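Novice: Show me how the following folds:
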Amino acid sequence: MQKQKGISTLVGVIIIIAVAIILFGSIFAYQYFAKSQIPITNNQQNSNVSTSTEAVADRQNTTNETAGWKTYTNDEYEFKYASEWTSEEKNKVISLYKNYRSASTPQYPNDGMKYDAKIDISIGTGTAGFGDRPDIISSTNIEIDGYQAIRQVTTFGTDRTLSYKVSLDNGSDLVIYLYSNDANDQAVLDKIMQTFKFTK
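Specialist: Have a look, this model is predicted:
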């Protein structure tokens, strides 16, 4: 009888150890696979990890904030832009103007500026203005609609400018420049870029 009690204790210990190994292995496997699904946003100044829950919340906030916006669409891409801005396409450059005025407008300013802010969007090669420059305040690697991109804030004289460069599959780049020192205009461009979709 003593022998049978010793065997059942040994079997009990083996079962407990086996359950502990399976439990530990399951927890390790869950953490390994769950962490590998979290996208990492690379910031040259600071590495931040953003969870998919934050990305969904950002997308929902952008949708709410851009609800009354206009949509621009061409053969290559589409995006939303603020309703108080106007768009113009000339020589394959899309220009968005905030408070555009013609020379006949009574509020036409004395300095000759026809707008309060301007955004130029174009696709091409040879994107001067990106890279290692002394006037770069910040440069951040991001992703826009599945493409690698750079968001840069630079100085131009005493002004700050915001620009984006999106590297496309065909070797060309989509380049966006904001001509405004206003932080609100920079926030508008950031929201525009969150709505950007490539149609090709």
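Novice: Which stretches in the protein count as strands?
Specialist: 40-41, 48-49, 70-73, 77-81, 85-90, 93-98, 117-124, 136-144, 147-156, 159-167, 173-179, 197-198 (DSSP state E).
Novice: got the domain boundaries for this protein?
Specialist: Per automatic domain parsing, the domain ranges recorded for the chain read 1-37, 43-198.
Novice: for residue 163, which residues make a bridge with it?
Specialist: Under DSSP bridges, the beta-bridge partners of residue 163 are residue 152, residue 177.
Novice: was I right about it contacting residue 175?
Specialist: Yes. Applying CB atoms under 8 Å as the test, residue 163 and residue 175 come out as touching, 7.1 Å apart. Every C-beta, even on glycine, is put in place using the N, C-alpha and C of the backbone.
Novice: what about the nearest residue in space to residue 155 that is not next to it in sequence, how many residues close to it?
Specialist: Of all residues not flanking residue 155 in the chain, residue 135 sits nearest, at 4.5 Å (CB to CB, 6 or more residues apart in numbering). Residue 135 has 13 neighbours, counted by other CB atoms under 10 Å.
Novice: what about residue 135, distance to residue 149?
Specialist: Using CB to CB, to the nearest Å, residue 135 is found at 20 Å from residue 149.
Novice: do the same with residue 25
Specialist: 40 Å.
Novice: Among the two, which residue is more densely surrounded?
Specialist: residue 149 (19 against 10).
Novice: Show me the shaky parts of this structure.
Specialist: 1-7, 32-63, 102-113, 125-134, 156-159 (pLDDT under 70).
Novice: same thing but 50
Specialist: Scanning the chain for pLDDT under 50 picks out the ranges 1-2, 36-56, 106, 108-111.
Novice: quick check: longest helix of it.
Specialist: Taking DSSP state H as the criterion, the chain has its longest helix at helix 2-35.
Novice: List the buried residues for it?
Specialist: When burial is assessed from 16 or more other CB atoms under 10 Å, helix 2-35 yields no buried residues.
Novice: Tell me which other helices or strands that helix touches.
Specialist: Contacting helix 2-35 under the criterion 3 or more CB pairs under 8 Å, 6 or more residues apart in numbering; DSSP states H and E is no other helix or strand.
Novice: quick revisit: indicate which one of the strands of the chain is closest to residue 12.
Specialist: strand 48-49 (43.2 Å; CB to CB).
Novice: Spatially, which residue comes closest to residue 118, not counting chain neighbours?
Specialist: Of all residues not flanking residue 118 in the chain, residue 179 sits nearest, at 4.3 Å (CB to CB, 6+ apart).
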